[in-house]
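Participant: sharing a model that was predicted from the sequence below.
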Amino acid sequence: MAGRRADVLEIRELIRRLQLDETDRQIARDLQVSRKTVRKYRRWAQQHDVLTAPLPDAATLQAQLKTTLPVSPPPTIPSKVTPFRDQVVTLRQRGVECRAIYDILREQHAFAGSYGSVYRFVRHLEPRTPEAYVRVETGPAEEAQVDFGYAGLLRDPDTETLRKAWVFVMTLSFSRHSYVEFVFDQEVDTWLRCHRRAFEWFGGVVRRVVLDNLKAAIVHAALYDPVVQRAYRECAEHYGFLISPCRPRTPEHKGKVEQGGVHYVKRNFLAGRAFRDVRDANERVWVWCMETAGRRIHGTTKEVPLARFDTIERELLLPLPATPYALATWKQAKLHPDCHVVFDHAFYSAPHRLIGQRLWVRAADTSVRMFHQHELVATHPRATRRGERLTNPDHLPPAKVAGLLATPASCVQRAGEIGPATSEVVGRLLGERPLDRLRTVLGILKLAHKFGPRRLEAACARAVQYDDLTYGTLKRILDRGLDQNAVSVTARPLTAATTLPLFARPVTDFFPSTGGGSCN
């Protein structure tokens, strides 16, 4: 966050932690920001009474920050050593120390920078030496550690085929009691369902979840800027736990899971066992968690995990919410020129003014909502089949709506409003192949916008007289003003004998006047 305005969702998470009385050090560590940044937002929240008020939504918070906390552009100061990078790399490969490199640059290039700048540049080029780690034991109900591990091939009972499977393990850091589940993917909805079932298994919620940088839980695995997916943050807010991402490439930060969870499951449950399918594997692993893994003497605590959980940890867990978390996934999608985004193989409309913009799509089990800059812009029911197109006419450009919603019945109705000659032209065109002639009829009716209904009616009367009902003929009549000449033959009413093939039924029998949209 340093040197730039943080994403409003990150700031909202920071404020939520402030409201929960997290220390600046804890927040800085978990969100990968400096304590200076935390202090800045703490002062801002105190000045504007944000800490004592309900947590604002993203749109409200963004508007408030825009007016009360202006952003200053970050300074950009390139290193003075950068022009000599290749030479510095070569010297370091020869084992030359930083002090000697500094002297060489001064002698050969009249380098004006400090020794500290050379030292920092070399530190940036080279990885740090290995660090020593100290085991930190957490209190009861304070923390759970989570990971996925590859579990081999298991049979899918729905398709009767072997599929790659993964094992989800949530281990309570204090008692070492675990929840284990086998799944077929690492998607966000699977990840969230596993969390929900794990909390229901334990009968409560821990205050913090430490996880590895999985695609489903962490969007970017950058050390200083991990962005937790919006769906996972929603889940965390619903259950009341905090997310602590493990630093990239540092699995020792969560060894209770990787060594005592996933590895233990692989070595002691999967090894030497065969399963009918994934359902059988899950039923048996849940029994194993209670009767074997939960009753062993743990190598670190020297206690029985299930006994430690039952006697100390269970009653200290946060209570489960009154309602389970309604699973929802988030995805960014671009609004295409047809005013629709593509999500999960279906199409959903959004306002045409946002064409080309990237929208946030929130999909629940029965609904899909779209947001632009944290503002709700569209809501649809969830599609039930692949390729389904859900369109709100209000999202389309007004000039395009009429043609999209037109039906033969609505065109017949509109023609009748213009006059009998227009009604006969439309009726005869739609009499044989209604859907094939619909575009032609729409073009004819659209002439009323340019020339007016009265002139179109006169042009249709002339076209009927000469039995030439094409769009081109009507357009030429109107362009040349021939519709204003007198017509000696009165337009005939539409009859089955003169306008329809033998034994054919009128078009209005197939397209009742009550259905369809507008042809205007």
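Facilitator: Here it is on my side, so go on. Just so you know, these numbers come straight off a predicted model, no measurement behind them.

Participant: pull out the buried residues from the helix or strand containing residue 195.
Facilitator: Here residue 195 sits within helix 188-202, counting by DSSP states H and E. Within helix 188-202, the residues scored as buried using 16 or more other C-beta atoms under 10 Å are 188, 190-199, 201-202. (Each C-beta comes from the backbone N, C-alpha and C, glycine too.)

Participant: now swap in stretch 419-433 and tell me
Facilitator: Applying 16+ other C-beta under 10 Å to stretch 419-433 flags 419-431 as buried.

Participant: kindly report the same for stretch 340-350.
Facilitator: So for stretch 340-350, counting by 16+ other C-beta under 10 Å, buried means 340-341, 343, 346-350.

Participant: ok so, going back, quick one: strands adjacent to whatever helix or strand comes next after the helix holding residue 195?
Facilitator: Using DSSP H and E, the helix or strand that follows helix 188-202 in sequence is strand 208-211. Counting by DSSP bridges, the strands paired with strand 208-211 are strand 143-156 (parallel), strand 242-245 (parallel).

Participant: any stretches of the stretch 351-500 of the chain with poor pLDDT?
Facilitator: 399-406, 435, 487-500 (pLDDT under 70).

Participant: ok, which stretches of it are helices?
Facilitator: Taking DSSP state H, counting those that start in this stretch, the helices of the stretch 351-500 of the chain run over residues 398-405, 408-418, 420-432, 434-451, 453-465, 471-480, 496-499.

Participant: how far is the second one from where the chain is centred?
Facilitator: This means helix 408-418. 44 Å (C-alpha atoms, centre = their mean, to the nearest Å).

Participant: ok, back up a step: out of the buried residues of stretch 340-350, what pair is the most spread apart?
Facilitator: Farthest pair in the buried residues of stretch 340-350 (C-beta to C-beta) is 346 and 350. Separation: 13.4 Å.

Participant: ok, back up a step: what about the helix holding residue 195, average pLDDT?
Facilitator: Across helix 188-202, pLDDT averages out at 91.

Participant: quick one: that helix to strand 143-156, angle?
Facilitator: For helix 188-202 against strand 143-156, the angle by axes from the mean of the first three to the mean of the last three C-alpha atoms, to 10 degrees is 120 degrees.

Participant: and helix 188-202, what does it pack against?
Facilitator: strand 161-172, strand 178-183, helix 230-239, strand 328-334 (3 or more C-beta pairs under 8 Å, 6 or more residues apart in numbering; DSSP states H and E).

Participant: let's see it at 10 Å
Facilitator: Helices and strands touching helix 188-202, by 3 or more C-beta pairs under 10 Å, 6 or more residues apart in numbering; DSSP states H and E, are strand 143-156, strand 161-172, strand 178-183, strand 208-211, helix 230-239, helix 278-291, strand 328-334.

Participant: residue 360 is nearest to which of the ones you listed?
Facilitator: Proximity to residue 360 (C-beta to C-beta) singles out strand 328-334 among the helices and strands packed on helix 188-202, at 5.9 Å.

Participant: in PDB, list the C-alpha atoms belonging to the next helix or strand after the closest one.
Facilitator: Using DSSP H and E, the helix or strand that follows strand 328-334 in sequence is strand 340-343. Output of strand 340-343 as PDB, limited to C-alpha atoms (Å, rounded to 0.1, in the frame of the first residue of the first chain):
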ATOM      1  CA  HIS A 340     -23.500  -9.100 -22.300                       C
ATOM      2  CA  VAL A 341     -20.700 -10.600 -20.100                       C
ATOM      3  CA  VAL A 342     -19.800 -14.300 -20.200                       C
ATOM      4  CA  PHE A 343     -19.800 -16.100 -16.900                       C
END
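
Participant: what average pLDDT does strand 340-343 get?
Facilitator: 93.

Participant: show me where pLDDT drops low in the stretch 151-300 of the chain?
Facilitator: 212-228, 246-261.

Participant: rerun at 90
Facilitator: Under the criterion pLDDT under 90, the flagged ranges of the stretch 151-300 of the chain are 151, 166, 185-192, 210-235, 243-274, 292-293, 296-300.

Participant: can you list the domain ranges for this protein.
Facilitator: Following automatic domain parsing, the chain resolves into domains at 8-68, 82-125, 143-316, 328-394, 401-510.

Participant: could those domains go into CSV alongside distance to residue 322?
Facilitator: Shown next, in CSV, are the domains of the chain (distance: least, C-beta to C-beta, whole Å):
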stretch, distance to residue 322
domain 8-68, 18
domain 82-125, 51
domain 143-316, 11
domain 328-394, 18
domain 401-510, 44
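
Participant: circling back: using CSV, lay out the helices of the stretch 351-500 of the chain together with distance to residue 236.
Facilitator: Below are these laid out as CSV (distance: least, C-beta to C-beta, whole Å):
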stretch, distance to residue 236
helix 398-405, 42
helix 408-418, 51
helix 420-432, 59
helix 434-451, 52
helix 453-465, 62
helix 471-480, 61
helix 496-499, 68
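
Participant: of all the ones you listed, which one comes closest to residue 383?
Facilitator: Of the helices of the stretch 351-500 of the chain, nearest to residue 383 by C-beta to C-beta is helix 398-405, at 18.9 Å.

Participant: circling back: out of the strands paired with strand 208-211, nearest to residue 78?
Facilitator: Across those, residue 78 has its closest neighbour in strand 242-245 (30.5 Å, C-beta to C-beta).

Participant: of all the helices of the stretch 351-500 of the chain, which lies closest to residue 65?
Facilitator: Among the helices of the stretch 351-500 of the chain, the nearest to residue 65 by C-beta to C-beta is helix 398-405 (35.7 Å).

Participant: need the residues touching each of residue 346 and residue 350.
Facilitator: 340, 380 (C-beta atoms under 10 Å, 6 or more residues apart in numbering).

Participant: residue contacts, the residue nearest the centre of the chain?
Facilitator: Centroid-nearest residue in the chain: residue 331, 1.5 Å away (criterion: C-alpha atoms, centre = their mean). Contact analysis of residue 331 by C-beta under 10 Å, 6+ apart lists 188, 229-231, 341-344, 359-363.

Participant: can you redo the helices and strands packed on helix 188-202 as TSV with distance to residue 24?
Facilitator: Conversion of the helices and strands packed on helix 188-202 to TSV gives the following (distance: least, C-beta to C-beta, whole Å):
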stretch	distance to residue 24
strand 143-156	20
strand 161-172	27
strand 178-183	33
strand 208-211	16
helix 230-239	20
helix 278-291	38
strand 328-334	29
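
Participant: quick one: which of the buried residues of stretch 340-350 is nearest to residue 313?
Facilitator: Closest to residue 313 out of those is residue 343 (40.4 Å), distances taken as C-beta to C-beta.

Participant: and the closest one, how far from residue 378?
Facilitator: 11 Å (C-beta to C-beta, to the nearest Å).

Participant: overlap in contacts of these two?
Facilitator: What both residue 343 and residue 378 touch, as defined by C-beta under 10 Å, 6+ apart, is the set 359, 361, 368, 370.

Participant: so what's the first one closest to, chain neighbours aside?
Facilitator: To tie it back to what came earlier, the one meant is residue 359. Nearest residue to residue 359, sequence neighbours excluded (C-beta to C-beta, 6 or more residues apart in numbering): residue 370, at 4.7 Å.
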